[in-house]
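>>> Using only what follows, build the 3D model:
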Amino acid sequence: MAHRSEVRCWTVLAAGVLVFAGGCVAAAAADTSDSPAPWDAVQRFCVECHNTTDWAGSVAFDTMSPTELPQDAKVWEAAVEKLNGGFMPPPGAKQHPDPQTVKGLVSWLTSSLDIAETSPVPGRVPLRRLNRREYANVVRDLLSLDVDAAALLPVDDRAKNGFDTDARGLQVSPSFLDQYVNAARVVAAQAVGNPKAAAVTTTYGNIADMVISLQVRGHPGEGSQQLYRDGMPFGTRGGMSAEYVFPADGDYALTIGDMALARDVPLMEFDNTVVALLDGKEFFRTHIGGDQDQKAIDQQQQPAVEAINGRLRNIRFHATEGQHRIAVTFVHRTFAESDERLRVTTPEGGQERVQLVHALQIRGPLAVTGVSDSATRAKVFLCHPTQADDEPSCAQRIVANLARRAFRRPVTEADLQPLMTFYASGRQAGGFDAGIRDALSAVLASPNFLYRVETPAMVRTGTQGGTLSD
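Model (predicted):
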């Protein structure tokens, strides 16, 4: 049998890989009564060797169909090359087609493949999870909340082509599940707020830079603070800002990283006005440096340093629930270049006499006064029940709206039932808001939210993912 197959079939072994060099095109086990005439040549001269029994060239034409040419275009293009070269059927084959048959087969294959190329099949998009960028965008649109997806979610495994939307790299392992569940809880808590929140300290920047007893480390890519920084008020230079989600209305404390140092006195001979702002509104102002501070450090050393840095610690301010931007910068209205005798070392220029903000901390809430309606809560709470009897219907409306938008499709009773179970559990433990928070956590942890599904019907109709036009 092996000798007979060797006589009938012809294959090429290159670099240890068996490559199909057949000039035959794909055939099918399905009904081919309406197949074009060239397909008869495939069945007559090719299927005898290239079938599920012999597997010559690792190809079985009896499993293929003439109506599905695009699926194996690479095989058929190789077949056209071999047919044009006269290599197939092999010289030892029992029967050979006449030149006219070969020409007709090549013409049919070429035209069929060309037609398929001008009308490409979109293909199939495997089930995949949302990547970090998509997750952050969806949460922003769903809840008007900007989240740090890099801190919440696992790293996106980018393919060799560099894209972060390759489904092969966006699968979920068991260890990833814990991160997604935790992310859902964090986002839900930030969106709903918590009047019982405990005071916590959050540091922006390197925590070691809060006390500059050592060389300031900074962060790669943060740029120079000698120029105006985007997002800061006009008439300021340098500084840093951060987005912070306040869990409740109340009092908080801001601590700015130390700027004075006894061992060295960097920029302390220059008077700098430090301002702190909440959503662009100033709530604190002080001065650092100048003749008086420099003299105090020179004469008193460490006590003077502690007194100067103490101006920047435990700055109390009031904030409402929700996401706000807090910023620390320096008042410096002139845009003139540096007046120093030595040339500015930074390529972009700027004033070297402006102090630097290395890090800052926010602690709170220190005293809670309530939970007001922020932009995020307005996205969540479509209604506010005034009595207990109204809570179930209001919760159903809120959860249904969140699920519909998060799942990117209409929701059914089967979708809502488990979500309302989470609401009921949270409602019993902590009240109406706690129930909505737990239901929102369930929505954000649901596969219906975390996974993107694009069926062929969706691709054709453009209901999700759009249509393929290029």
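
>>> which residue lies farthest from the center of the protein?
Distance to the chain centre peaks in the chain at residue 94, reaching 60.1 Å (criterion: CA atoms, centre = their mean).

>>> so it is in which element?
Assigned by DSSP states H and E, residue 94 belongs to no helix or strand.

>>> so where's the chain uncertain?
Applying pLDDT under 70 to the chain flags the ranges 1-36, 117-124, 159-161, 212-226, 263-266, 333-353, 455-470.

>>> what about residue 377, distance to residue 187?
Distance of residue 377 to residue 187, given as CB to CB, to the nearest Å: 13 Å. Where you see a C-beta, it was placed from the backbone N, CA and C, and this is true even at glycine.

>>> And the two? Which one has more around it.
Using other CB atoms under 10 Å, the more surrounded residue of residue 377 and residue 187 is residue 187, with 24 against 20.

>>> I'd assumed residue 139 was in contact with that one.
Yes: using CB atoms under 8 Å, residue 187 is in contact with residue 139, at 5.9 Å.

>>> anything in contact with each of the two?
Common contacts of residue 187 and residue 139 (CB atoms under 8 Å, 6 or more residues apart in numbering): 145, 147, 444.

>>> My reading is that the second one is in a strand; is that accurate?
So the one you mean is residue 147. No: read with DSSP: H, G, I helix; E, B strand; the rest coil, residue 147 is coil and lies in no strand.

>>> Could you number the chain from 673 rather than 1 from now on?
Yes, from this point I'll number from 673; that puts the last item at residue 819.

>>> got the residue ranges for the strands in the stretch 923-1072 of the chain?
944-950, 953-960, 987-991, 994-1003, 1031-1042 (DSSP state E, counting those that start in this stretch).

>>> residues in contact with the third one?
Contacts made with strand 987-991 from outside it, assessed by CB under 8 Å, 6+ apart, are listed as 918, 921-928, 948, 950, 955-956, 1036, 1038.

>>> now those residues: which count as buried?
Among those, those classed as buried by 16 or more other CB atoms under 10 Å are 918, 921-922, 924-928, 948, 950, 955-956, 1036.

>>> Can you tell me which of those residues is nearest residue 720?
Within the buried ones among the contacts of strand 987-991, the smallest distance to residue 720 is 77.2 Å, found for residue 918 (CB to CB).

>>> and the residue lying closest to that closest one once chain neighbours are set aside, how many residues sit next to it?
Closest residue to residue 918 apart from its sequence neighbours, by CB to CB, 6 or more residues apart in numbering: residue 991 at 4.7 Å. For residue 991, the neighbour count with other CB under 10 Å is 20.

>>> roughly how far apart are residue 991 and residue 730?
For residue 991, the distance to residue 730 equals 68 Å [CB to CB].

>>> Kindly report the same for residue 841.
28 Å.

>>> out of the two, which sits in the busier spot?
Higher neighbour count among residue 841 and residue 730: residue 841, with 17 against 12, using other CB under 10 Å.
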